[in-house]
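>>> sequence unavailable; structure follows:
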Ligand SMILES: Nc1ncnc2c1ncn2[C@@H]1O[C@H](COP(=O)(O)OP(=O)(O)OP(=O)(O)O)[C@@H](O)[C@H]1O
Ligand SMILES: Nc1ncnc2c1ncn2[C@@H]1O[C@H](COP(=O)(O)OP(=O)(O)OP(=O)(O)O)[C@@H](O)[C@H]1O
Ligand SMILES: [Mg+2]
Ligand SMILES: [Mg+2]
């Protein structure tokens, strides 16, 4: 472990980059997934389209995506935007399905009674359907967060920063300590972000605790 | 775009010892081997934990932790530990495939309607009979969902393993990167995606073949039709 | 229209192997010491990856090797002598880029075999190896296979066509491990790689001069190449020699695996390049 | 008042759920829709607030053409209560009730104050205001559902099998509560159920639907029991309809007879049965003739009690039939013994009661 | 015969679900457990086949100590039916029914043949054999559940609210079916419900449980209605118990009166009501005195019918009360008019019927 202490500057910098590369896509991906998930849930063609498209995107090798993006979106080769866009695509591919499922799991009777009370569709979505979908969405975001944090490391193969750098460098220079430290840091990061998401989920859904209490 | 696709349609790239056919069969081979090993580990474990209800918490925690393990880091570490060859990448890919399989099997067995399990005990089935005759057949949709999800991830991630020197379709991406040959990279990626779609379709057909029509009947009332490539996440969330 | 990097800051890139990264660190520390604003160096990948990055303005300065860069830019180049190569390079360099002074330090591509293979086959040069090539598996990076002075050059100059090509990495640990484990019998490695003495590998001589001179040279975007910057880079080139490179690489590969920046800083202050302004 | 004029609903798959329905639900009354599963009750109800669009026909609520109204606007003025209340699980009780007032732009404070009032109206303790629906029993949830529907003080209330998910005892109390509320509020209520008992208990008028979405009979419950128009209604209304029909006949004409009453410690009667009462004249049970005095353990539990004034012939007859002595016990509003009633008295009062009901 | 001797169940969390239960469910009879939610009915039932282990006490089925038996073996000899049948969704109807025979080692063919027989026994068309449970209605599923429980021909059948998830009309038919089956098979059945009507309809004896897991009363249904032991049972048994109790009293002593009968086309009567019958003497409805002849559209629907022989005082009284003429129509087993019955006749027969029942 003394390798980490001797190189703490580098490790801190890489951790910071890693956070940016994974959290920004997570937030942006979620914000995009909500309207798409809504669409998927409302129209049968929307469902077919978004779910198949996101399913296909998910099968693309991440390494390839990092390299294709520059010619497609007109960025420079080493622009961090490439990683961020590529990871956003993955988060989106994961979360569209989750959001669609979460929304369709909102009990029809509750939606019907909201409609019957005079909610118009937009407001009903924001006030009733979305909040009730939160628990499932949070579960999906947790999965996406952990996968993203792990997947961002692949970017280092073509020169992007983040903790993956500790793998490529550990490989180049045959430093097992660096590789192991990198893995541990990625796990730690995933753990911390996951715990934060659980906490956010709790804060957003006080009624879930009431339900758990009532079951006892 | 024709420039990129040119590589893919050029017959010269298909034959030969490093051609597409060889790489494709290597990729398929790695995937199959990985899935077999992972299933031998995860299916019995998941079924047993789901059946007894003991250790469910551990499964969820383990599945999540394994999911966070960066495959690239594992590949490198295993290269440093066991050297060049297939063993390192195989271990890394198995570790990747186990969480969705474990979660799918566990939650599949766990989510069987308790009334049905109760009835099975009520007619006098013993523990293993309940598992074999009732819980597993009913869990099959989620189990196969886990298999589909795992296969997808393995096919897509096996590309990264080319970084530590093994074959498969990932070679085209890594080599194309080294040679700055976009046609090769895009061609390789398209092949990976096609392979994934194909594998999913085949597994979907297997699912239709194996799952009792009685379960499909019940399911159609809730789930919509259509090709779904991303499977299994749902069940894992439910397990979480 | 892509935006260029910050006009006042120099972004440094390098190949993704230790020596190149070391050189980039040396440039960065020395420039910073001279009061030039620089970004931390980025290891990008093979030349095929980092040179386009230099051209599209992602980075402004990279350390490179004269011969390899020349063949990269001009497949038909024939120069092999250091000065001829350097001159030829100056002619084909894309507009907007300039070369710094060439250093004496050279790190050539080489065809390498194990001591055991060398003795078994009785080979000392690539020419000796030629008759055996068809039975051997060769290991190297993906680009070596297609590069003019790579597999095609070996075939053209020596009539050596290897039985099989195993794609590994460019002079990295995979290639070393493969050669050591006899997964490949000959490989493309670099002359200053400390793994050569460590494993007692034999560098086959290159009588037909397939591999051109490979002197270390900085390549820089013209608009960032102020006289001050050039002076610093030229001074470094002046201090570098092949022996110095070997020493640097060995220091980096030592058991304590020091940070490359530390190795670079030690070397710079030992040479008295930094510390003058302090 | 709610008017259906030739209303038809044909679903896209071709199912005709409601077929040329003509029906008027009267102002301030409870109209009950009843019928077998799938007969179009829910569809008819949901057309009133345009949750389902009629295929053809005309539908008016208080004279206003429903099909010309803005749906969301329309719905805010119509309360809607469904099975298991359809409460918002993510909102507290008070916020559930305050939903519509907030929607129409009342301040949060005003809406909540109104919600607290309504909790009392429907018989919920206001200490439950901050709970979530999952923390309430089924019956309490149902009360919240009713309170929520009443929040905008809508003239019209639609209720779709609101009590079918709660157990029979709670259901009875919710039904009585609804009748009490209605006597105070006088809403126009349309109530869907498939339970004929609930229909005849709650309905001012009952519409019996036939599968295929047509109306089999639309009458007051008493008429439905005594004069079902055909075999379908007859079999649907079910057995015991003669006895149940007595529930709609006034018992005022029944003469109360005298009743021998004893207290604990009194000597036992010489002959037949005597009623034992406590010191406030409330019945405890019956004792039979014999030697000795009235002891606690000799008291036989009594039958059902007939409440003079509020009771019907049904209650009077059951009191008589269930009493060990054959004499039913009639009690006043305070539960004190008022006299006795026999089955023969009830039968004798029957023709007169029928005439005055017709 | 099933015997509970001082059986107690305390769950690990401390809940005492069943408290020192002593009870004998008689051989070949239907014993019904009834009581409010959470009173321990299900727990008591499930201790019989050891789905739940008693904490203390003794439990015997046909003299054999349950607690000494191998649980799986024990359960194969005890049929068990639960709400919504608990069918295996992945197996066809016939394979669901064949489960236990296969489990005990019969050949597939033998087990399936037996299953097909049983489908007919429970009134299911054998064309449904290859369907999956999800393709059946709730009532059909319930029949499959019963057939599955009968497959090993067990002497004992446990049924836990088996009919509570189906609608009231289907439920009635399932109840009748069960009574028919039982008259043929003579199993020892323990039946759990929280519906008192179901309990008194099906039970040879009814055990009323109190919350806390104790037995409040265990009696024949007629006794339960006429003599509830305390206020808890009284209030649980509910209103109308006097009337319902008539259902357990024989109507054999009621004299049948004559009934004026007409056919369509006959002249109308001079006075009062006359019954109109078809050519096979089955009742069509009533007509009132007047000029002219009996026309189809003048016929008023009749009341409920009283079946001579199989009917009770309850049926006779309701027939009288629901008839427009005040004369109930008595019919024979073929549905032909047998005579008339009046409410007064029923009341007159009551004391005698009570005596002979006691
Ligand atoms: N969206 C729909 N599409 C097609 N048919 C429908 C739809 N909704 C209802 N139906 C059909 O219309 C008929 C009437 O349905 P409705 O829900 O009004 O019945 P109901 O009387 O309320 O029955 P229940 O007592 O079961 O609630 C049924 O045959 C039903 O299957
Ligand atoms: N596994 C258990 N752990 C703790 N308490 C339990 C358990 N199972 C049942 N109970 C409790 O035991 C009591 C009796 O439960 P039981 O299921 O026998 O009631 P029931 O009479 O069948 O009620 P219902 O009519 O609601 O089905 C209840 O208070 C219940 O909460
Ligand atoms: Mg309905
Ligand atoms: Mg129960």
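Cool, got the structure. Being a predicted model, the structure only gives us computed values, none of them experimental. Ligands and ions are numbered 1, 2, ... in the order given.
>>> which residues touch residue 194?
Reading this off chain A. A:142, A:145-146, B:64, B:68 (C-beta atoms under 8 Å, 6 or more residues apart in numbering or on different chains). For glycine as for every other residue, the C-beta is placed from the backbone atoms N, C-alpha and C.
>>> correction: the question concerned chain D.
With C-beta under 8 Å, 6+ apart, residue D:194 has these contacts: D:34-37, D:41, D:161, D:164, E:167-168.
>>> show me which of those are buried.
D:34-36, D:41, D:161, D:164 (16 or more other C-beta atoms under 10 Å in any protein chain shown).
>>> how about these in JSON lines, adding pLDDT, distance to ligand 2 and secondary structure?
JSON lines is the format used below for these (pLDDT from 0 to 100; distance: C-beta to the nearest ligand atom, whole Å; DSSP: H, G, I helix; E, B strand; the rest coil):
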{"residue": "D:34", "pLDDT": "93", "distance to ligand 2": "27", "secondary structure": "strand"}
{"residue": "D:35", "pLDDT": "88", "distance to ligand 2": "29", "secondary structure": "coil"}
{"residue": "D:36", "pLDDT": "83", "distance to ligand 2": "27", "secondary structure": "coil"}
{"residue": "D:41", "pLDDT": "93", "distance to ligand 2": "28", "secondary structure": "helix"}
{"residue": "D:161", "pLDDT": "89", "distance to ligand 2": "21", "secondary structure": "coil"}
{"residue": "D:164", "pLDDT": "80", "distance to ligand 2": "17", "secondary structure": "coil"}
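>>> distance from the lowest-mean-pLDDT helix or strand in chain C to the middle of the chain?
Least confident element among the helices and strands of chain C, by mean pLDDT, DSSP states H and E: strand C:42-45 (a mean of 83). Distance of strand C:42-45 from the chain centroid (C-alpha atoms, centre = their mean, to the nearest Å) equals 13 Å.
>>> how about it and chain A, any contact?
Yes - contact of strand C:42-45 with chain A (C-beta under 8 Å from any C-beta of the partner chain) involves C:42-45.
>>> ok, and the most crowded of the residues you listed?
residue C:44 (27 neighbours; other C-beta atoms under 10 Å in any protein chain shown).
>>> quick check: end-to-end length of stretch D:244-263?
35 Å (C-alpha to C-alpha, to the nearest Å).
>>> buried stuff in it?
D:244-249, D:251, D:253-254, D:256, D:259, D:262.
>>> now, among the buried ones among the contacts of residue D:194, which is nearest to residue D:224?
When the buried ones among the contacts of residue D:194 are compared for distance to residue D:224 (C-beta to C-beta), residue D:34 wins out at 9.2 Å.
>>> pLDDT below threshold where in the chain?
Just so you know, I chose chain A. Where chain A drops to pLDDT under 70, the residues are A:1, A:211-216.
>>> try chain D instead
Ranges of chain D meeting pLDDT under 70: D:85, D:239, D:358.
>>> near chain E, which residues of chain B show up?
So chain B meets chain E at B:113, B:115-116, B:118-126, B:129, B:134, B:137-138, B:140, B:211-215, B:217-218, B:221 (C-beta under 8 Å from any C-beta).
>>> how about the lengthiest helix in chain A against chain C, any contact?
For chain A, the helix that runs over the most residues, judged by DSSP state H, is helix A:8-42. Yes - using C-beta under 8 Å from any C-beta, helix A:8-42 reaches chain C at A:10, A:13.
>>> what inclination does the helix or strand that comes right after that helix have with respect to helix A:8-42?
Toward the C-terminal end, the helix or strand that comes next after helix A:8-42 (DSSP states H and E) is helix A:44-59. Relative orientation of helix A:44-59 versus helix A:8-42 (axes from the mean of the first three to the mean of the last three C-alpha atoms, to 10 degrees): 150 degrees.
>>> does chain B have contacts with helix A:44-59?
Yes - interface with chain B: helix A:44-59 contributes A:44, A:47-48, A:51-52, A:54-56, A:58-59 (C-beta under 8 Å from any C-beta).
>>> so which pair among those residues is furthest apart in space?
Longest span within the residues of helix A:44-59 next to chain B, C-beta to C-beta: A:44 and A:59, 23.0 Å.
>>> which single one of the buried residues of stretch D:244-263 is nearest to ligand 2?
Nearest to ligand 2 among the buried residues of stretch D:244-263: residue D:244, at 26.9 Å, using C-beta to the nearest ligand atom.
>>> quickly find the element holding that closest one.
Counting by DSSP H and E, residue D:244 is found in helix D:241-245.
>>> from the contact counts, what lies against the next helix or strand after that helix?
Sequence-wise, the next helix or strand downstream of helix D:241-245 (DSSP H and E) is strand D:261-262. On a contact count with 3 or more C-beta pairs under 8 Å, 6 or more residues apart in numbering or on different chains; DSSP states H and E, strand D:261-262 meets strand D:273-277.
>>> quick one: residues contacting residue A:96.
With C-beta under 8 Å, 6+ apart, residue A:96 has these contacts: A:33, A:36-37, A:40, A:50-51, A:54.
>>> quick one: the helices in the stretch 51-200 of chain D, in order.
D:71-76, D:93-97, D:99-103, D:108-121, D:138-150, D:168-185, D:196-202 (DSSP state H, counting those that start in this stretch).
>>> can you lay out these as TSV showing distance to residue D:235?
Compiled in TSV, the helices of the stretch 51-200 of chain D are given as follows (distance: least, C-beta to C-beta, whole Å):
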stretch	distance to residue D:235
helix D:71-76	37
helix D:93-97	40
helix D:99-103	41
helix D:108-121	39
helix D:138-150	30
helix D:168-185	23
helix D:196-202	11
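>>> identify the spatial nearest neighbour of the spatially most central residue of chain D, chain neighbours not counted.
A centroid search over chain D (C-alpha atoms, centre = their mean) returns residue D:202, at 3.2 Å, as the residue closest to the centre. Spatial nearest neighbour of residue D:202, chain neighbours left out: residue D:30 (5.5 Å); criterion: C-beta to C-beta, 6 or more residues apart in numbering or on different chains.
>>> need the phi and psi values for the one you found.
Residue D:30 adopts backbone torsions of phi -100, psi 120, taken as degrees, to the nearest 10.
>>> any idea how far it is from chain E?
Separation of residue D:30 from chain E (C-beta to the nearest C-beta, to the nearest Å): 21 Å.
>>> before we move on, the earlier item: list just the nearest of the contacts of residue A:194 to chain D.
residue A:142 (19.6 Å; C-beta to the nearest C-beta).
>>> surely the closest one and residue A:200 touch.
No - using C-beta atoms under 8 Å, residue A:142 is not in contact with residue A:200; the gap is 10.1 Å.
>>> so which of the two has more stuff around it?
It is residue A:142, of residue A:142 and residue A:200, that has more neighbours when counted by other C-beta under 10 Å, with 23 against 13.
>>> what helix or strand is the residue nearest to the spatial centre of chain B on?
Nearest to the mean C-alpha position of chain B, by C-alpha atoms, centre = their mean, lies residue B:150 at 1.7 Å. In the assignment (DSSP H and E), residue B:150 maps to helix B:136-157.
>>> right, I'll call it a day here.
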